[in-house]
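Student: below are the sequence and a predicted model; questions follow.
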Amino acid sequence: MLLSRFFADDIRAFRQGTAGLAAGSERERTARLADRAARSTLPLLIEAEAGSGAKALAQAIHASGERKARSFVVMRADEALSSGETQDTALLRHLRAAHGGTLFIDGVEHLTNKAQDRLMDILLPSEAGVRAGRRFDVRFVASAGFDLPYRVREGRFNSDLYYRLQAMPLSLRPLRARREAIAEWAVFFAERFAAEEGKRIRGVSADALALLARYDWPGNLRQLENAVYRAVVLADGASLTPREFPQIAAHVEGFRIDIPPVPAARALAPVHQPAPAPVHDPHALPLIRESGEMLTLAELEERAIRFALVHYQGHMSAISRHLGIGRSTLYRKLKELGLNDAAA
């Protein structure tokens with residue numbers, strides 16, 4: 001979502017000495033390290049679990065540094081390559097695209113041995129340009145899981161490359177290891193999303209913060225961000241309560257919330273009505289009532305949304321993408337139709 005902007009705002013607030021960051025807070029500590037990284041040209045290794053915000057932090061560091069006017073290019077090391085392209089040639093392709101800017105290698109531990117050797121050649125001073133075929137003007141930022149040191153010891157990752165990338169290490173611990181930061185991030189996200197959505201939400205209740213702090217957040221900061229965004233969009237009250245986090249409460253003992261079933265008149269299954277002509281496709285939505293009158297656009301939209309909820313099993317990202325509407329719009333329409341409790 002907007003993590004890169006959040007991190008960038010934190011770095012700017014830290015540099016300007018504004019009151020936006022409380023001394024000793026999780027965001028202040030992250031901003032302090034990121035600010036130091038943004039001022040440097042050394043390779044940077046961000047150790048983090050998936051969803052911890054490594055890519056967003058790398059993008060914010062790029063946006064706060066001297067290369068901000070140039071390209072920020074992402075290479076996912078675990079991504080399947082097109083036919084005929086090896087990983088080391090893909091690395092060169094991304095390097096050419098990032099020339100003058102920043103190359104972020106997401107999941108650097110998944111590079112092949114040949115690609116690791118190629119990257120090591122490029123990172124070496126002076127003779128690097130000769131061995132790599134050309135000299136690249138690129139700032140390197142890489143992310144890796146916390147198991148990278150074990151891969152080095154087992155010989156599965158180039159030790160020289162590891163220490164070269166560790167010129168400036170930065171660690172983003174998982175949320176379950178820093179539960180004291182969950183409340184801070186939750187309130188921060190709630191304030192930002194409330195402002196963006198035009199909602200009059202004053203904050204997050206103590207009960208809701210207690211609920212969020214007891215959840216393990218396997219998706220880390222990205223999952224928390226999405227959960228708060230959904231809660232803000234669907235909230236009717238002045239603050240976010242445990243009721244706005246039913247999916248989280250379902251996994252925390254003592255916080256289970258019973259969601260009332262959808263009324264029979266608004267069942268989620270697609271509404272099948274007879275049409276004058278036989279319909280051979282079981283997934284087709286009728287355009288004409290039994291009386292011969294056409295359905296209104298509003299009725300067609302409602303049926304399409306109901307069908308998508310069932311077809312994509314309540315996954316909001318898939319539903320909004322395939323319906324061609326934003327998630328905020330989708331949540332609003334679900335609320336208007338009385339289907340907001342079906343959101344997953």
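Tutor: Okay, I see it.
Student: tell me the pLDDT of the residue positioned nearest the centre of the chain.
Tutor: Nearest residue to the geometric centre of the chain (C-alpha atoms, centre = their mean): residue 222, 4.5 Å. We have a pLDDT of 88 for residue 222.
Student: which residue ranges of the stretch 101-250 of the chain form strands?
Tutor: For the stretch 101-250 of the chain, the strands defined by DSSP state E, counting those that start in this stretch cover 102-106, 139-144, 168-172, 203-204, 239-240.
Student: between the ones you listed, which gets the lowest average pLDDT?
Tutor: Among the strands of the stretch 101-250 of the chain, strand 168-172 carries the lowest mean pLDDT, at a mean of 84.
Student: compute the inter-axis angle for that strand and strand 139-144.
Tutor: Orientation check (axes from the mean of the first three to the mean of the last three C-alpha atoms, to 10 degrees): strand 168-172 against strand 139-144 gives 40 degrees.
Student: point out the other helices and strands that strand 168-172 packs with.
Tutor: For strand 168-172, the helices and strands in contact under the criterion 3 or more C-beta pairs under 8 Å, 6 or more residues apart in numbering; DSSP states H and E are helix 26-38, strand 44-48, helix 54-63. Every residue, glycine included, has its C-beta placed from N, CA and C.
Student: below-threshold pLDDT in this structure: ranges please.
Tutor: For the chain, the stretches flagged by pLDDT under 70 are 1-2, 5-6, 18-20, 22-24, 80-83, 125-135, 255-293, 311, 313, 340-344.
Student: would you map out the domains in it?
Tutor: Listed domain ranges for the chain are 3-173, 177-249, 265-342 (source: automatic domain parsing).
Student: endpoints of the longest one, how far apart?
Tutor: For domain 3-173, the first-to-last residue distance is 16 Å (C-alpha to C-alpha, to the nearest Å).
Student: burial count for residue 46?
Tutor: Residues lying near residue 46 (other C-beta atoms under 10 Å) number 27.
Student: pretty sure residue 219 contacts residue 51?
Tutor: Yes: using C-beta atoms under 8 Å, residue 219 is in contact with residue 51, at 4.4 Å.
Student: of those two, who's got more company?
Tutor: Remark: of residue 219 and residue 51, residue 51 carries more neighbours, 21 against 17, as counted by other C-beta under 10 Å.
Student: would you enumerate the residues in contact with the more buried one?
Tutor: Counting by C-beta atoms under 8 Å, 6 or more residues apart in numbering, residue 51 touches 218-223.
Student: sec struct for residue 75, please.
Tutor: Put simply, residue 75 is strand when judged by DSSP: H, G, I helix; E, B strand; the rest coil.
Student: these two touch, right, it and residue 107?
Tutor: No: taking contacts as C-beta under 8 Å, residue 75 lies outside contact range of residue 107: 9.2 Å.
Student: ok, those two, which is more surrounded?
Tutor: Between residue 75 and residue 107, counted using other C-beta under 10 Å, residue 75 has the larger neighbour count: 22 against 17.
Student: quick check: beta-bridge partners of that one?
Tutor: Residue 75 has these beta-bridge partners by DSSP bridges: residue 105.
Student: which ones are touching it?
Tutor: 90-91, 94, 103-106.
Student: repeat that for residue 329.
Tutor: Residue 329 makes contact with residue 320, according to C-beta under 8 Å, 6+ apart.
Student: quick one, phi psi at it?
Tutor: Main-chain dihedrals, residue 329, degrees, to the nearest 10: phi -60, psi -40.
Student: hang on, the earlier thing: any idea which of the strands of the stretch 101-250 of the chain gets closest to residue 326?
Tutor: strand 239-240 (20.8 Å; C-beta to C-beta).
Student: if we can go back for a sec, out of the contacts of residue 51, which is nearest to residue 328?
Tutor: Relative to residue 328, the closest of those is residue 222; by C-beta to C-beta it sits at 17.4 Å.
Student: name the helix or strand for the nearest residue to that closest one once chain neighbours are set aside, please.
Tutor: In space, residue 222 comes closest to residue 51 once its chain neighbours are excluded; the distance is 3.9 Å by C-beta to C-beta, 6 or more residues apart in numbering. Assigned by DSSP states H and E, residue 51 belongs to neither a helix nor a strand.
Student: most packed of the helices and strands packed on strand 168-172?
Tutor: Comparing these by mean neighbour count (mean count of other C-beta atoms under 10 Å), helix 54-63 ranks first with a mean of 25.
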